[in-house]
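Visitor: missing the sequence, but the structure's below:
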């Protein structure tokens, strides 16, 4: 363009008329419609992606406990040496696999509390998790068919959308029963075994609603003797 050239600028009183600056005219109304369409598409994509946020649930049975002191109440039985050793191994395996909980919900029985203490000593990342001791986890595990629904309600009560990995620590028979109900598979959880479950949803409530019973994917079972 030479120095003497002029550029015409048209300003229209109606937004339906084109506005041009030396280029092919583009109607303002068309641009507005395109922007609205793109915004709608981006919103739909964001909502769709939110539904596919992975939610990971670790169902861990406490480690092996000691029976050396028969008069002790069951609730107060400590871990055995085998249980302490197994906990070291399983906690390190969970760390290696990247299954580090952000929220831990645990029975308040001594053997579950000691299991958690050892895990926190072995894997400092576990110390970053929010921890709640749930007294009902001890009793509910002995009631047929009630543990899965109780876990679901408790998880939804304590979780937040930004928490993606939760570990629930408790007892049989309830824990392996819940793992089996969530996944639709027959799962056995021996002491210090962890079932790794996964579902998707923009919240934990939605993950449970979408997966239902039988819809959680079993990603593996971590045991003291299992290979990574």
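Guide: Sure, I can see it. Everything numeric here is computed off the predicted structure, so don't read it as measured data.
Visitor: mind listing the strands for this protein?
Guide: With strands called from DSSP state E, the chain shows them at 18-19, 26-27, 54-61, 103-106, 130-133, 165-170, 194-200, 217-222.
Visitor: among those, where is the model least confident on average?
Guide: Among the strands of the chain, strand 18-19 has the lowest mean pLDDT, at a mean of 43.
Visitor: quick one: which of the strands of the chain is nearest residue 183?
Guide: strand 217-222 (4.5 Å; C-beta to C-beta). To be clear about C-beta, it is placed using only N, CA and C from the backbone, and glycine gets the same treatment.
Visitor: may I see the buried residues of that closest one?
Guide: The neighbour-count check on strand 217-222 (16 or more other C-beta atoms under 10 Å) flags 217, 218, 219, 221, 222 as buried.
Visitor: phi and psi next, for residue 142.
Guide: Residue 142 adopts backbone torsions of phi -90, psi 0, taken as degrees, to the nearest 10.
Visitor: may I ask which helix or strand of the chain has the lowest mean pLDDT?
Guide: strand 18-19 (a mean of 43; mean pLDDT, DSSP states H and E).
Visitor: now do the contacts for residue 78.
Guide: Counting by C-beta atoms under 8 Å, 6 or more residues apart in numbering, residue 78 makes contact with 65, 66, 110, 111, 114.
Visitor: what's the distance between the last one and residue 78?
Guide: Think residue 114. 6 Å (C-beta to C-beta, to the nearest Å).
Visitor: can you check the first one too?
Guide: Counting by C-beta to C-beta, the separation of residue 65 from residue 78 is 7 Å.
Visitor: what's near enough to touch residue 58?
Guide: Contacts of residue 58 by C-beta under 8 Å, 6+ apart are 94, 99, 101, 165, 166, 167, 168, 194, 195, 196, 197.
Visitor: quick one: which of these has the most company?
Guide: When neighbours are counted by other C-beta atoms under 10 Å, residue 195 leads the contacts of residue 58 with 27 neighbours.
Visitor: dig out what it forms beta bridges with.
Guide: Per DSSP bridges, the residues bridged to residue 195 are residue 59, residue 221.
Visitor: against residue 218, how distant is it?
Guide: The value you get for residue 195 to residue 218, if C-beta to C-beta is used, is 7 Å.
Visitor: same question for residue 149.
Guide: In this view, residue 149 and residue 218 are 19 Å apart by C-beta to C-beta.
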